[in-house]
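Trainee: dropping a prediction and its sequence here:
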Amino acid sequence: MSRFRFAPSPTGLVHVGNLRTALFNYLLSKQNDNKMILRIEDTDEERSEREFEYGLIEALKWVGLSWDEGPDKGGEYAPYRQSERIEIYKEYAKKLIKSGDAYYCFCSKEELEGDEHKNGYSGKCRDLYINESIIRVGNGENATLRFKIPKNDTVVIYDIVRGKVEFDTNLLSDPIIVRTSGIPAYNFSVVVDDYLMKIDTVIRGEDHLSNTARQVLIYKAFEIKPPKFAHLSMVMGKDNAKLSKRHGSVSVSEFKKNGYLPQALFNYLTLLGWSSKDNKEIFSKEELINKFRLKSVSKSAAIFDYKKLQWFNREHIRLLTPEDLYEYLLPFLKGADIVTDASKESKNWIGKTAKVLSNYHQLLNEIAIEFEQFSVFKIDKEHMEFVHSIEAKEVIINFYNEIKNLPSPVSFGEIGRITKKIQTELGVKGKALYHPIRVALTGQDQGIELHDLIPIIENGSELNISPKVLNMKNRIEQLNL
């Protein structure tokens, strides 16, 4: 059994890079009785906000992630929070002071800013006598606690994704591990937590790689075996620049708002840096759990493509039952002022219609807006003149006369019989036959195909949908031919 963790800082919205890291940890935690914990690293007092933590948890749950332990909150696990573990870190800080691996730094903010042109901290307080430093701190003097990086050494990391990585310790400055406030810094608290929580595999972004070198040295100072590491390459935009707001919405909440299915985002993000040997792309969560392997993750940068994600969204829309698709679509229908009853027939019609519309639009918010065309008939002056032209009017009137006495809903198969009859009687075919019918039913030259449109409006007109769905007869009657 292996133990994994997702350990974000609540300092902003959850973005796709964070979520992909969570997904990789989650997939592995669901194999072979493994476990995953959620740990909120909220020791950055200035930037951490509980609002961001709530948003994070909501995003994880929306996309279908869960974790396996933590404080019990009425049958549901809450995350661990570093802000609630301060006393634990203090005890481990004392151990580093006692072993000589940590020292107090009394440098002022101005002195530290003067070191910025150098390779990090100058080491000014590194060789102060620890007993004297303890007395100074006891007398109320402000000080941080720094870890003493050993000189003339090499840190070797065997990374699961990147292979062997080496760091010259002479190029690493001594990091602050406890701030003047007594709050631990990242490189220290993460080591203590991963050790105490028995995390044996750490998966995170490659931007943490230099931190890992410092953390390995802290593990060594504690005489603790480090976990295995896997550093994921960054998620980039199509221009090979780091994904940012200028590439579009990248927070998970925006994907939900814009009508992406959680399973589509789950599927797509898993394939950013990993692929199946059979080159298959569309997977259920269960399939990904069975197939995903960390050793198959690429160290090359992953390129985020919105068009590709939209394709994934359409494919997952098609996999849903009409009833399930209705439930996903309902908030967007309400946003578009489309109201329906909760009958099975209405849910089924909306779900099936949404699947048809996914051939034209890939996002739920766009699909919901398209439902308006079934309840509202709009035609501009140019198209109104067209349907009143002699040739078009003759086709439309003949078509109307054939359908007006037919019981609703009129099947598309019946429409085929009718158009063949008009073709014979009027001697028209092709565009001369079908274009007038299209404009008469839609008010437009192009859009949803008639073989899709007619079954939708005929079947929908029988249901309790508001605004009411207009069938073929209702539409043609508005032309006043």
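Mentor: Perfect, thanks for sending it. Just so it is clear, the structure is predicted and the values come from calculations on it, not from any experiment. Numbering: from 1, shown residues only.

Trainee: stretch 120-140: which residues count as buried?
Mentor: Neighbour-count burial for stretch 120-140, with 16 or more other C-beta atoms under 10 Å as criterion, is recorded at 121, 123, 125, 133. For glycine as for every other residue, the C-beta is placed from the backbone atoms N, C-alpha and C.

Trainee: in strands, which of the residues you listed appear?
Mentor: Using DSSP state E, no member of the buried residues of stretch 120-140 falls in strands.

Trainee: could you report the distance from the residue nearest to Val192 when sequence neighbours are not counted to Val191?
Mentor: Excluding the flanking residues, the one nearest Val192 by C-beta to C-beta, 6 or more residues apart in numbering is Tyr92, at 4.9 Å. Distance of Tyr92 to Val191, computed by C-beta to C-beta, to the nearest Å: 8 Å.

Trainee: joint contacts of those two?
Mentor: Phe222 (C-beta atoms under 8 Å, 6 or more residues apart in numbering).

Trainee: can you list the domain ranges for this protein.
Mentor: Domain assignment for the chain by automatic domain parsing gives 1-75+233-319, 86-232, 373-477.

Trainee: can you tell me the average pLDDT over stretch 374-391?
Mentor: Across stretch 374-391, the average pLDDT comes to 93.

Trainee: buried stuff in that stretch?
Mentor: Buried residues in stretch 374-391 (16+ other C-beta under 10 Å): 374-375, 377, 379, 383, 386-387.

Trainee: how many neighbours does the residue nearest to Gly123 when sequence neighbours are not counted have?
Mentor: The shortest distance from Gly123 to any non-neighbouring residue, by C-beta to C-beta, 6+ apart, is to Asp174 (6.3 Å). Asp174 sits with 19 neighbouring residues when counted by other C-beta atoms under 10 Å.

Trainee: against Asn131, how distant is Asp174?
Mentor: Asp174 is 19 Å from Asn131, by C-beta to C-beta.

Trainee: and if you look at His383?
Mentor: 91 Å.

Trainee: nearest residue to Trp62 other than its sequence neighbours?
Mentor: Pro262 (5.4 Å).

Trainee: what separation is there between the one you found and Tyr92?
Mentor: In terms of C-beta to C-beta, Pro262 sits 39 Å off from Tyr92.

Trainee: let me see the contact set for Ser253.
Mentor: Applying C-beta under 8 Å, 6+ apart, we find Ser253 in contact with 13-14, 55, 58-59.

Trainee: quick one on the thing from earlier: got the contact list for the residue nearest to Val192?
Mentor: Residues in contact with Tyr92 (C-beta under 8 Å, 6+ apart) are 188, 192, 222.

Trainee: the first one sits in which helix or strand?
Mentor: Element membership of Phe188 [criterion: DSSP states H and E] is helix 186-196.

Trainee: off-centre distance for that helix?
Mentor: Counting by C-alpha atoms, centre = their mean, to the nearest Å, helix 186-196 is centred 27 Å from the centre of its parent chain.

Trainee: try stretch 287-304
Mentor: 16 Å.

Trainee: ok, residues contacting that stretch?
Mentor: Contacts of stretch 287-304 (C-beta under 8 Å, 6+ apart): 16, 20, 24, 27-28, 30-31, 160-163, 201, 203, 230, 232-238, 240, 243, 247, 250, 266-267, 270, 272-277, 283.

Trainee: show me those that map onto helices.
Mentor: 16, 20, 24, 27-28, 266-267, 270 (DSSP state H).

Trainee: so among the residues you listed, where is pLDDT lowest?
Mentor: Per-residue confidence across the ones in helices among the contacts of stretch 287-304 is lowest for Val16, with 91 (pLDDT).

Trainee: how close does that residue sit to Leu309?
Mentor: Val16 sits 9 Å away from Leu309, going by C-beta to C-beta.

Trainee: neighbours around the nearest residue to Thr169 once chain neighbours are set aside, how many?
Mentor: Once flanking residues are discounted, Thr169 sits nearest to Asp153: 4.3 Å by C-beta to C-beta, 6+ apart. Residues near Asp153, counting by other C-beta under 10 Å, number 14.

Trainee: coming back round to it: which among the domains of the chain is found nearest to Leu363?
Mentor: domain 1-75+233-319 (3.7 Å; C-beta to C-beta).

Trainee: wait, isn't Lys228 in contact with Ile157?
Mentor: No: counting by C-beta atoms under 8 Å, Lys228 stays clear of Ile157, with 9.7 Å between them.

Trainee: the two - which one has more neighbours?
Mentor: Ile157 (19 against 15).

Trainee: what sits against the residue nearest to the more buried one when sequence neighbours are not counted?
Mentor: Nearest non-adjacent residue to Ile157, counting by C-beta to C-beta, 6+ apart: Val165, 4.6 Å away. Taking C-beta under 8 Å, 6+ apart, we find Val165 in contact with 156-159, 209.

Trainee: export those to a markdown table and tack on distance to Gly138?
Mentor: Converted to a markdown table, those look like this (distance: C-beta to C-beta, whole Å):
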| residue | distance to Gly138 |
| --- | --- |
| Val156 | 39 |
| Ile157 | 38 |
| Tyr158 | 43 |
| Asp159 | 42 |
| Leu209 | 38 |
